[in-house]
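Engineer: fold the stuff below for me.
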Amino acid sequence: MELELIRTCYPTGTNGQLYHGGKLICYTIELPWKDNHTGASCIPVGKYELVKRYSPKFQWHLQLMDVPGRQFILIHPANNAPVELKGCIAPVSILTGPGRGLQSRDAFNILNTLVFAALAAGDPVLLTIKK
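Structural biologist: Predicted coordinates:
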């Protein structure tokens, strides 16, 4: 399965549109681009494998593998990137401003249903991030 994230970076946050097969799945929010600094920046453009991961805090969620210079870059719910994210990606249903959105849990559940089904079928899931 191939996913494509097209992002727009602003000084206070990054917004994106996440697609599968040319169809919009949801929007995304992230921190602004700050030269890939850990905990302060969105991640670099590129292609990343997604894997299923569990933690007590987020339950089942997704992790991006092999992000240059970074570890544990996750896809998890959040509605305010500057307050709730440390370099991760949050799916949202509605964008409300740079790095901000609404109904993240709903968008997260839609994305997970799609990706978890592909992973359960043995299909690798790749996310290409573009500007």
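Engineer: for residue 102, see how far away the nearest residue to residue 75 once chain neighbours are set aside is.
Structural biologist: Nearest non-adjacent residue to residue 75, counting by Cβ to Cβ, 6 or more residues apart in numbering: residue 62, 4.1 Å away. Every C-beta, even on glycine, is put in place using the N, C-alpha and C of the backbone. Distance of residue 62 to residue 102, computed by Cβ to Cβ, to the nearest Å: 20 Å.
Engineer: ok, these two, which is more surrounded?
Structural biologist: Taking residue 62 and residue 102 together and counting by other Cβ atoms under 10 Å, residue 62 has the greater number of neighbours (24 against 13).
Engineer: so what's that one bridging to?
Structural biologist: In this entry, residue 62 is beta-bridged to residue 52, residue 75, by DSSP bridges.
Engineer: mind listing what it touches?
Structural biologist: 50, 51, 52, 53, 74, 75, 76, 111, 112, 115 (Cβ atoms under 8 Å, 6 or more residues apart in numbering).
Engineer: repeat the analysis, applying 10 Å as the threshold.
Structural biologist: Applying Cβ atoms under 10 Å, 6 or more residues apart in numbering to residue 62 gives the contacts 50-53, 73-76, 88-89, 91, 108, 111-112, 115-116, 119, 125, 127.
Engineer: and the buried ones among those residues, selectable in PyMOL?
Structural biologist: To isolate in PyMOL the members of the contacts of residue 62 that are buried, counting by 16 or more other Cβ atoms under 10 Å, one can use:
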select buried, resi 50+73+74+75+76+88+89+91+108+111+112+115+119+125+127
